[in-house]
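One predicted model, sequence on top.
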Amino acid sequence: MPFKTFCLTVLFTGLFLTGIQAQDIQIDRVEPPFWWTGMEDQGLQLLVYGHNIGLTSPLILQKEVSITSFTRVSNPNYLFIDLQISSQVKPLNFRIDFLYGDSVLISGSYELKARRTGSAERKGFNASDVIYLLMPDRFANGDTANDSAEGMSEKCNRSDPDGRHGGDLQGVRDHLDYLPELGVTALWMNPFLENNNPQYSYHGYAITDFYRTDPRLGTNEMFVSLVAECHKKGLKVIMDQILNHASIHHRFMQDPPDESWIHTYPEFTRSNFRASAIMDPYASGYDRDRMLNGWFDRHMPDLNQHDPLLLKYLIQNSIWWIEYADLDGIRLDTQPYPDKEATAEWSSAIFREYPNFNIVGEAWMQQESMTAYFQKGTQNPDGYDSGIPTVTDFPLYYALNRSFNEKDGWSQGLARIYLVRAQDYLYGNPANKLLFCDNHDLNRFYSSIGKDLDQFKMGMTYILTSTGIPMIYYGTEILMTGFESQGHGFIRTDFPGGWPGDSLNCFLDGGRTRDQQDAFLYMQKLLTWRNMQPVIHSGKMIQFIPEDGIYTYFRIHEEATVMVIFNNNDQEKLVPTARFAECMKECSSALNPLTGEHITDIGMIKVPAKSATILELH
Ligand code: CA
């Protein structure tokens, strides 16, 4: 975004001071582009970028705003100014003069806006929500005119699985009713910020501008109005943010402030992607450094969060987006990869401004203990606390993708799920784990389970009835397929009906195949029911060790008791319920909320082959 609110006036005073003239100084941008009055933290650090701006000294005469310090770095095109903003200040524009010697060479004005009412009290997402994850380039193309925006190097090519397909924020807006119709309550989009990269730019994880919406997806103003529209429809919005890396085409790489901002190597050095090196008591320094400081990919250089100026930049960027766009949550990409103390400082700064907010960290680990390490409140032996309230539950994902395909045994089949949950004692807050069967980096769930509709329903039922915050990946509800091994483009295909001229339109009842409609209606019914059930949102969970391919758990909250029975057998089963007495108590009948069936004798419950049965006990 060209810098709008920082108005520049170059003062041609005819100065000539040791070779520096007004016309030798330039300001291209100031970040954050504006800020707010009444923030909890009264400090603000401005990054001023422009030719030789670092040779000047800043001066502010506004009495409510003072300069506490300013920092020059090795690159003269950057100047960092630390401000102290009075808690009494009203929204205003104030002037900053940039001096060389005693002479003002260039000036600008900076805006402090009024905060939204109740901004600090905003509530984040929680287990009463169901999150819908979509990739904006692949969901719906609402504006074909922006498919190949001017100034963006990669142009639209829908025939290339790894190319840009033209989806955008307008497309999401056009289909916004589909989300509440399905029954989800929160929207998480993969990153929508500018990714001006020659290829693979569609996924959004190689950012070239932390303050600008990619013009192929829309504008900052469109994103803000999309959030407002979501809020009107009762949907929360979670923004995907990245602390670990940026694009190699970002200004921080093309014209770095200081060599300390990026971890550099004589030759390309990739992360070993082994987050175990972070908590392993025997880890070598070599492995830990490779994990944390190696590049995520050739085009994604590793940011050094140890640099205090960079960390401040990232912290303020996150807070700016929360305040500017009115966000309900953040999804933190690659949580284990940035410096862990920096992540804790980042989350602490966010919760200082927004104590009731929520952040979900992508902690992609196979093991429960190592996943738990990254959640807020976990008692780690080294005392580390990330401050991130929600973490992704990959161990459960792995279990859900194997259990229903397997013959049950001591630790196989449904026991996999049972054992993952038994290890919830490790977590700071197990009710805050993010549960999912697939996402944008994983095999599509329907492919993973061999396109078996019964297993599909079992997986969905598990994440939507057990303890945690469920997440549905776009298209899972209409049985979209794809294996990660084919390439990431194949697990991120276009939602059918999102593009003008699509032969199928899965946004509509009549546009789905019979199986797709079956899956969609199942999800819709289950989600609609779940949204009304405090017992699922916050009830305690009691699980019973799987026996003979039957796994049962209960959710209990005040007077409500819900029983969920999984039958992993290929035959219908009669389940004796005597061993569940501690949960069933004096209940004598049950209602299946999905089928409407009343069961008057719950001493022995009949469950179909390969199924999950939900029962409200009365
Ligand atoms: Ca478009």
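Now that the structure is in, tell me what you want to look at.

so what's the nearest residue to residue 262 once chain neighbours are set aside up against?
For residue 262, ignoring the flanking residues on the chain, the nearest one in space by CB to CB, 6 or more residues apart in numbering is residue 301 at 5.0 Å. All C-beta atoms are positioned from the backbone trio N, CA, C, and that covers glycine. Contacts for residue 301 (CB atoms under 8 Å, 6 or more residues apart in numbering) come out as 245, 246, 248, 253, 262, 263, 264, 295.

Weed out the non-buried ones from those.
By neighbour count, with 16 or more other CB atoms under 10 Å, the contacts of residue 301 hold 245, 246, 248, 253, 262, 263, 295 as buried.

Please convert the residues you listed to CSV, extending it with distance to the ion, secondary structure and pLDDT.
CSV is the format used below for the buried ones among the contacts of residue 301 (distance: CB to the ion, whole Å; DSSP: H, G, I helix; E, B strand; the rest coil; pLDDT from 0 to 100):
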residue, distance to the ion, secondary structure, pLDDT
245, 26, strand, 98
246, 24, coil, 98
248, 25, coil, 97
253, 28, helix, 96
262, 32, strand, 97
263, 35, coil, 97
295, 30, strand, 97
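
now what about stretch 218-231, what contacts it?
Contacts for stretch 218-231 (CB under 8 Å, 6+ apart): 1, 143, 146, 168-170, 172-173, 176, 187, 192, 211-213, 236-237, 324-327.

Stretch 58-71 now?
Stretch 58-71 has contacts (CB under 8 Å, 6+ apart) with 43, 48, 57, 79-86, 88-89, 92, 94-99, 104, 112, 309.

Endpoint to endpoint, it covers what distance?
Stretch 58-71 has an end-to-end distance of 10 Å (criterion: CA to CA, to the nearest Å).

list the buried ones in that stretch?
For stretch 58-71, using 16+ other CB under 10 Å, the buried residues are 58, 60, 62, 64, 65, 70, 71.

Confidence-wise, which helix or strand of this protein is lowest on average?
Lowest on mean pLDDT, DSSP states H and E among the helices and strands of the chain sits strand 7-10, with a mean of 48.

After it, which helix or strand is next? Please name it.
Next helix or strand after strand 7-10 toward the C-terminus (DSSP states H and E): strand 29-31.

Now for residue 113: which residues touch it?
34, 35, 36, 37, 91.

ok, for the first one, nearest residue in space, not its chain neighbours?
In this structure, residue 34 finds its nearest non-sequential neighbour in residue 111, 4.3 Å apart by CB to CB, 6+ apart.

Show me what the one you found is bridged to.
residue 93 (DSSP bridges).

Begin at 56 from now on, thanks
Taking 56 as the first residue, the last one we looked at is residue 166.

And it, how close does it get to the ion?
Note on residue 166: its distance to the ion, by CB to the ion, to the nearest Å, is 31 Å.

my guess is that residue meets residue 144, correct?
No: with contact defined as CB atoms under 8 Å, residue 166 does not count as touching residue 144 (11.8 Å).

Could you tell me which residues of the stretch 206-355 of the chain lie near the ion?
221, 223 (CB under 5 Å from the ion).

what about the helices in the stretch 206-355 of the chain?
224-229, 233-237, 275-287, 306-309, 331-334, 340-348 (DSSP state H, counting those that start in this stretch).

Run through the residues of this protein sitting next to the ion.
196, 198, 201, 202, 221, 223.

so which of these is the most crowded?
Among the residues of the chain next to the ion, residue 223 has the most neighbours (other CB atoms under 10 Å), with 29 neighbours.

Can you read off the pLDDT for the closest residue to that residue other than its chain neighbours?
Closest residue to residue 223 apart from its sequence neighbours, by CB to CB, 6+ apart: residue 272 at 4.7 Å. pLDDT for residue 272: 98.

For residue 211, see how far away residue 272 is.
12 Å (CB to CB, to the nearest Å).

the more surrounded of those two?
residue 272 (29 against 20).

need the contact list for the more buried one.
Counting by CB under 8 Å, 6+ apart, residue 272 has contacts 191, 192, 201, 222, 223, 224, 247.

Give me the three-state assignment for whichever residue of the stretch 356-505 of the chain sits closest to the ion.
Distances between the stretch 356-505 of the chain and the ion by CB to the ion are smallest at residue 495, namely 19.0 Å. Classification of residue 495 by DSSP: H, G, I helix; E, B strand; the rest coil places it in coil.

pretty sure it contacts residue 531?
No: using CB under 8 Å, residue 495 is not in contact with residue 531; the gap is 11.1 Å.

Just to confirm, what's the three-state secondary structure of the residue in the stretch 406-555 of the chain that the ion sits nearest to?
The stretch 406-555 of the chain approaches the ion most closely through residue 554 (9.1 Å), counting by CB to the ion. Following three-state DSSP, we place residue 554 in the coil state.

Next, count neighbours for it.
Based on other CB under 10 Å, the number of other residues close to residue 554 is 20.

residues in contact with the closest residue to it other than its chain neighbours?
Nearest residue to residue 554, sequence neighbours excluded (CB to CB, 6+ apart): residue 196, at 4.9 Å. When contacts are counted by CB under 8 Å, 6+ apart, residue 196 touches 202, 220, 221, 222, 223, 226, 553, 554, 555.

could you dump those residues to a markdown table with pLDDT?
A markdown table is the format used below for those (pLDDT from 0 to 100):
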| residue | pLDDT |
| --- | --- |
| 202 | 98 |
| 220 | 98 |
| 221 | 98 |
| 222 | 98 |
| 223 | 98 |
| 226 | 98 |
| 553 | 98 |
| 554 | 98 |
| 555 | 96 |
